[in-house]
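Visitor: below is the sequence, then the predicted model.
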Amino acid sequence: MDRRPLKTRGAQWASYSAAVLAKKGVTPNTISVLSMVFASLVLVTGYYSSESKFLLLLSALFIQLRLICNLLDGMVAVEHKKSSPNGELFNDVPDRFADIFIILGAYLAINDIDFLFSAEKLAWIGSLAAVMTAYIRVLGKSLGTKSYFIGPMAKPHRMFFLTIAFIGEFFLASTNFQGYILYFILILVALGSLVTCLRRLLLISNELKEKARE
């Protein structure tokens, strides 16, 4: 299993949490599915955020819980040797749905904003581009290249900016600037993900050419 290099993997709380989950018999696949559940909740909190601004903070929390699940499923699988034959499927597929749920959740929190592009269009472009970043990485791996986790808008970057945006919206709720942070972060996610796709494609292409010369 190829894993994204993360400093948090060496944190004491992460090691302890992974050990507890492994001891309790919680499988990596279960944790992976749970990450998708947390992401799907962002759809709910985003949709109803106009009724209570505190749901914006819940959205930020669910994003971080999704990332924690992404961290722990790999640790339980690798460090505690709980991997399964279909582990790669559970490691990747829920992540793709999670990206879509969270980005669309951001749109649902600001669905009335429309400048050059509607928030809905930005969300769908961002979702598609986010999924493509992972597809290109996995495709490269299947062709024999190393897994490229580079950005500028890889998953941790997308989730960081969206988390900050939801928190920022909490403080701007009921002001004239409500929705603007999430809107511009959707632009950043969409454009940054497209750039990430291009960078990964170029690196994979160059590596394949190098291998052909050897």
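Guide: Looks like it came in fine.
Visitor: quick one: residues contacting the residue most central in space within the chain.
Guide: The centroid of the chain falls nearest to Lys155 when counting by Cα atoms, centre = their mean (4.2 Å). By Cβ atoms under 8 Å, 6 or more residues apart in numbering, Lys155 lies in contact with 4, 70, 95, 99, 130, 133-134. All C-beta atoms are positioned from the backbone trio N, CA, C, and that covers glycine.
Visitor: quick check: which ranges of this protein have low pLDDT?
Guide: For the chain, the stretches with pLDDT under 70 are 1-2.
Visitor: what residues sit buried inside the longest helix seen in the chain?
Guide: The longest helix of the chain (DSSP state H) is helix 180-213. When burial is assessed from 16 or more other Cβ atoms under 10 Å, helix 180-213 yields the following buried residues: 180-183, 185-194, 196-197, 199-200, 203-204, 207.
Visitor: what's the answer for stretch 147-159, then?
Guide: Buried-residue list, stretch 147-159, by 16+ other Cβ under 10 Å: 148-149, 151, 153-155, 157-159.
Visitor: mind checking which of the residues you listed land in helices?
Guide: 155, 157-159.
Visitor: and stretch 70-80, how far from the chain's centre?
Guide: 17 Å (Cα atoms, centre = their mean, to the nearest Å).
Visitor: just the residues contacting that stretch, thanks.
Guide: 1, 3, 6, 8-9, 14-15, 17-19, 21-22, 26-29, 31-32, 35, 82-84, 87, 90-91, 95, 155.
Visitor: what's the ChimeraX syntax to select whichever of the residues you listed are buried?
Guide: Burial among these is assessed by 16+ other Cβ under 10 Å; the matching ChimeraX selection reads:
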select :6,9,14,17,18,21,22,26,27,28,29,31,32,35,82,83,87,90,91,95,155
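Visitor: which of the contacts of stretch 70-80 fall within helices?
Guide: 14-15, 17-19, 21-22, 28-29, 31-32, 35, 87, 90-91, 95, 155.
Visitor: where does Phe171 sit: helix, strand or coil?
Guide: helix (DSSP: H, G, I helix; E, B strand; the rest coil).
Visitor: from the contacts of Lys155, pick the one nearest Thr45.
Guide: The nearest member of the contacts of Lys155 to Thr45, counting by Cβ to Cβ, is Asp99 at 16.5 Å.
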